[in-house]
Each structure stands twice: as structure tokens, then as C-alpha cells.
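Enquirer: need a 3D model of the sequence below.
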Amino acid sequence: MVSGYQSLGVSSASGAEIVIDFSDSVCVLVSGMVSYYVSSDTLRIEEKGNAVHLLSSPLAKTESPEGNWILFMHPYSSPPGQDISELWKPKEEYLCGLLRTILGDNIVHHKIFENDVNFTTNEIAASTEAVAIETPLRKRIMTEDLRKQYERLYEKLASLPNPERTKLALRWHNKACTTQGIDGFLSHWISYEVLAMPDSANIGPLKKTIADAYESTVDQISEEFHIGRMYDLRSRT
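Expert: The predicted structure follows:
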């Protein structure tokens, strides 16, 4: 499975490809143009002897404009009858959320394509998405140090006592970054609940988690981040 996202305002420090190894998946930041397949309803005429056949072309190869792109590559072996979305979608959402934690929303600004290549049958399935996301542009540079930081972060999260909760929180974070208005707010709050509120009626653990992350006190965090006000808003929504 190969997925492609447009990356706005994020580029490689050297201009060369940067490959981030996420164990069973790979993320590549490339600059320039990328080629991929899209769904197509194009019809073509093929002549065979005296017969003329009107054939459909389900796929068309296309090329992106110049820009910066994030490509996810995820090899997999799918049991017969199992939907690929059960295997790849949660992992992709998790990795997008992980990338956004350091370089912000624009590193995976919006999804352009998804190509599923079957190396047994040499068949390709393609889908395209091009939904723009309203997000401020800030130029960011992907350096070699940041690449290593992403890999260390991925390994650290995988070694946590309960990594599935963190993965789920990052999936909700990713959803929040691609959603506006009240739905975006609720998605952000759900990510907080999953990560640091085993009892959704008690915001104490959340305050403590944020205080530890910022090397501050619970009182300072409560005053600066207004956790109580946000919890009240979430309760009334």
C-alpha cells in the first residue's frame, strides 16, 4: 500500500529524500514530482481484425505538480476476504498524528492518492482524495536530527506499557487536525481523554500529565491552559 500526501511548508534541509523507518512502514519526504495511479472513467477504442472494441480504462497514471510530498509505504499480507482498511487505515492515521506532533498540520496537509499494489497478480487499485484543509502556512525544515527524532519517538511509543491507548489518542489527534469547528474541538478532547483520563469525569490526571510534560505545576497549567473551562465546554456540548 502506498499513500501520498501533499506537504505544505515542510521541506528537506538538504533537498534530498528523507526516509523515516517506522518498523513495518516507511515514510518518505520527497521534493519535486511524484507519479501515481488514479481512478479513471476514460474509454479507449481497440481494433482487432475487423472488430472494434470499446474498452474502459479503470486506471490512469498521472504526475503531480512540483512540490513537497509525504509518501507512506506499507507492505502487508492480507488474509482472503479481509478489508485492507482494517489493516492499514488505523496505522496510517496513527503515523499522520505522530508526524503532526512535531512539525504541525502542514506536514501531511491533505491526502492526494492511495495505490494498493498486488505483487502476486500485478494488479493496482487506486483511489484519490483532494480535500483542502484550512491551516496556517509556516515553513518548516525536515532535518536529519528530526528524522531520527521521529524514529526514536515511534520506538518509545511502541515500548510503553499500553501503547494502544497512545496510538488511539494520536488517531483522534490526527482527526482533530483535519476537522474544523465543534467536531475538531471534540476530537481533540477525546484524544486527551484517551491519553490521560481513565475516568472521563476526573480531569486531575490530565492536568498532571500536561504539568509533567511542560515541567510545571498543576496550578500553573490550570491557569495557563484553562483545562477546567475546556472540560466545562466539552460537558455542555
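Enquirer: going forward, measure contacts between C-alpha atoms and count neighbours the same way
Expert: Fine.
Enquirer: helices or strands next to the lengthiest helix in the chain in the packing?
Expert: Using DSSP state H to define each element, the chain has its longest helix at helix 84-103. Helices and strands touching helix 84-103, as assessed by 3 or more CA pairs under 8 Å, 6 or more residues apart in numbering; DSSP states H and E, comprise helix 144-158, helix 163-177.
Enquirer: from Thr217, how far off is the most centrally placed residue in the chain?
Expert: Taking CA atoms, centre = their mean as the criterion, Cys96 is the residue nearest the geometric centre of the chain, at 2.3 Å. If you measure Cys96 against Thr217 using CA to CA, to the nearest Å, the figure is 30 Å.
Enquirer: and Lys61, by the same measure?
Expert: Taking CA to CA as the criterion, Lys61 is separated from Thr217 by 55 Å.
Enquirer: neighbour count winner among those two?
Expert: The residue with more neighbours, out of Lys61 and Thr217 and counting by other CA atoms under 10 Å, is Thr217; that gives 13 against 10.
Enquirer: the residue lying closest to the more buried one once chain neighbours are set aside in helix, strand or coil?
Expert: Computed as CA to CA, 6 or more residues apart in numbering, the closest residue to Thr217 that is not its neighbour in sequence is Ala211, at 5.3 Å. In the three-state summary, Ala211 is assigned as helix, counting by DSSP: H, G, I helix; E, B strand; the rest coil.
Enquirer: same question for the one 5 residues further on.
Expert: The three-state assignment at Ser216 reads coil, by three-state DSSP.
Enquirer: got a pLDDT number for it?
Expert: The pLDDT attached to Ser216 in the predicted structure is 90.
Enquirer: contacting residues for it?
Expert: Ser216 makes no contacts at all, as judged by CA atoms under 8 Å, 6 or more residues apart in numbering.
Enquirer: please determine how far it is located from Lys91.
Expert: With distances defined as CA to CA, the gap from Ser216 to Lys91 amounts to 32 Å.
Enquirer: cool, and Phe225?
Expert: The separation that Phe225 has from Lys91, given CA to CA, amounts to 30 Å.
Enquirer: more neighbours, those two?
Expert: Neighbour comparison, Phe225 and Lys91: the larger count goes to Lys91, with 18 against 12 (by other CA under 10 Å).
Enquirer: sorry, back to before: ok, the residue nearest to Thr217 - how many residues close by?
Expert: Residues near Ala211, counting by other CA under 10 Å, number 17.
Enquirer: mind listing the helices for the chain?
Expert: Using DSSP H, helices in the chain cover 84-103, 144-158, 163-177, 181-196, 204-213, 218-225, 227-236.
Enquirer: pipe those helices into CSV and attach distance to Tyr37 per row.
Expert: As requested, the helices of the chain are arranged in CSV below (distance: least, CA to CA, whole Å):
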stretch, distance to Tyr37
helix 84-103, 18
helix 144-158, 28
helix 163-177, 25
helix 181-196, 31
helix 204-213, 43
helix 218-225, 45
helix 227-236, 42
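Enquirer: how does this protein divide into domains?
Expert: Domain segmentation of the chain under automatic domain parsing yields 1-142, 160-237.
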